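Trainee: Predicted model, plus sequence, below.
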Amino acid sequence: MKHIYTLLGLIFLIIAYPSSSTLDDFFSADFYQKLTSVYGEKAKKRAVKWHEVIIDNQTDNDWSKINKINYFFNNMIRYEDDLSLWGKKDYWASPVETVGRGKGDCEDFAIAKYFSLISLGIDPNKLRLMYVRQLTLNQPHMVLIYFESPKQSPFVLDNYNAKVLPASKRPDLKPIYSFNAQGLWLAKAKGLGTKVKNSKGVSAWNNLVQRIEQGEMHTFN
């Protein structure tokens with residue numbers, strides 16, 4: 001079987017063939033060898049722990065999964081802005097790149113959590129990446145939100161505030177818009193918001209998904 005080096009490819013396989021062996025195909029010896037050759041031994045150790053947190057929590061409930069993934073990335077990855085890390089003003093890293101570097105900005109934290117939770121079996125319709133304004137710092141920010149049900153206030157997974165809280169308990173965040181693989185929504189503090197068609201606001205997301213789908217080697221930058 002051809003080894004797949006992208007987490008989105010892993011997700012497609014899990015949906016089609018849900019089993020622990022699928023995860024083993026992704027986290028293969030070849031994967032670790034490639035990761036180590038690009039990022040070093042510390043990256044391999046991070047990836048092993050990433051593998052373990054996904055494998056060990058497959059049967060947990062959603063609340064346990066979102067808390068464990070949120071804790072894992074907030075403690076495993078160190079914040080660094082795109083310009084110093086990638087030499088670009090805005091770069092959305094794949095989860096492999098983020099784990100490999102051990103660093104990332106707010107978008108990278110949210111993206112890694114998003115794909116990891118889907119690989120744990122969380123319904124993608126319950127997850128959205130949300131652009132907000134962080135009012136304490138007065139700057140743009142991205143978080144991941146989880147809807148337990150469509151009519152309830154979503155929970156926020158954030159690298160700035162490590163505790164998973166309902167959006168209604170995060171007055172420091174002003175929602176701007178949210179999106180996932182299915183589309184873009186105007187964000188509201190509560191509820192799903194209004195879907196927006198043909199928006200250019202997710203070009204970085206579309207570029208990331210395209211890179212992951214194509215399995216391009218720069219997912220190992």
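Mentor: Great, that's in hand. Numbers count the residues shown, from 1 in each chain.

Trainee: tell me the phi and psi of Gln58?
Mentor: phi -60, psi -30 (degrees, to the nearest 10).

Trainee: So it sits against Ser119, correct?
Mentor: No. Applying Cβ atoms under 8 Å, one finds Gln58 not in contact with Ser119, separated by 9.1 Å. For the C-beta atoms, the positions are set from N, CA and C on the backbone; glycine is no exception.

Trainee: more crowded one of those two?
Mentor: Counted by other Cβ atoms under 10 Å, Gln58 and Ser119 do not tie: Ser119 has more neighbours, with 22 against 15.

Trainee: Contacts only, for Val156.
Mentor: Residues near Val156 by Cβ atoms under 8 Å, 6 or more residues apart in numbering: 130, 143-145, 164-167, 170, 173.

Trainee: Pull out the buried residues from these.
Mentor: The neighbour-count test (16 or more other Cβ atoms under 10 Å) marks 130, 143-145, 164, 167, 170, 173 as buried among those.

Trainee: Which single one of these is nearest to Val96?
Mentor: Checking the buried ones among the contacts of Val156 against Val96 by Cβ to Cβ gives Leu144 as the nearest, at 17.7 Å.

Trainee: residue contacts, that closest one?
Mentor: Contacts of Leu144 (Cβ under 8 Å, 6+ apart): 109-110, 113-114, 117, 127-130, 156-158.

Trainee: if we go to 7 Å?
Mentor: Under the criterion of Cβ atoms under 7 Å, 6 or more residues apart in numbering, the contact partners of Leu144 comprise 110, 113-114, 127, 129, 157.

Trainee: could you redo those as TSV and give each row pLDDT and distance to Glu80?
Mentor: Formatted as TSV, the contacts of Leu144 follow (pLDDT from 0 to 100; distance: Cβ to Cβ, whole Å):
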residue	pLDDT	distance to Glu80
Ala110	94	15
Lys113	95	17
Tyr114	91	19
Leu127	92	24
Leu129	89	19
Leu157	97	19
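
Trainee: of all those residues, which comes closest to Ala43?
Mentor: Closest to Ala43, out of all of those and judged by Cβ to Cβ, is Lys113, at 18.4 Å.

Trainee: And Pro95, what's its pLDDT?
Mentor: According to the prediction, Pro95 has pLDDT 88.

Trainee: tell me the contacts of it?
Mentor: So Pro95 contacts 7, 111-112, 115-116 (Cβ under 7 Å, 6+ apart).

Trainee: now Asp108
Mentor: 93, 98.

Trainee: what about Val143, helix or strand, and which?
Mentor: Assigned by DSSP states H and E, Val143 belongs to strand 139-146.
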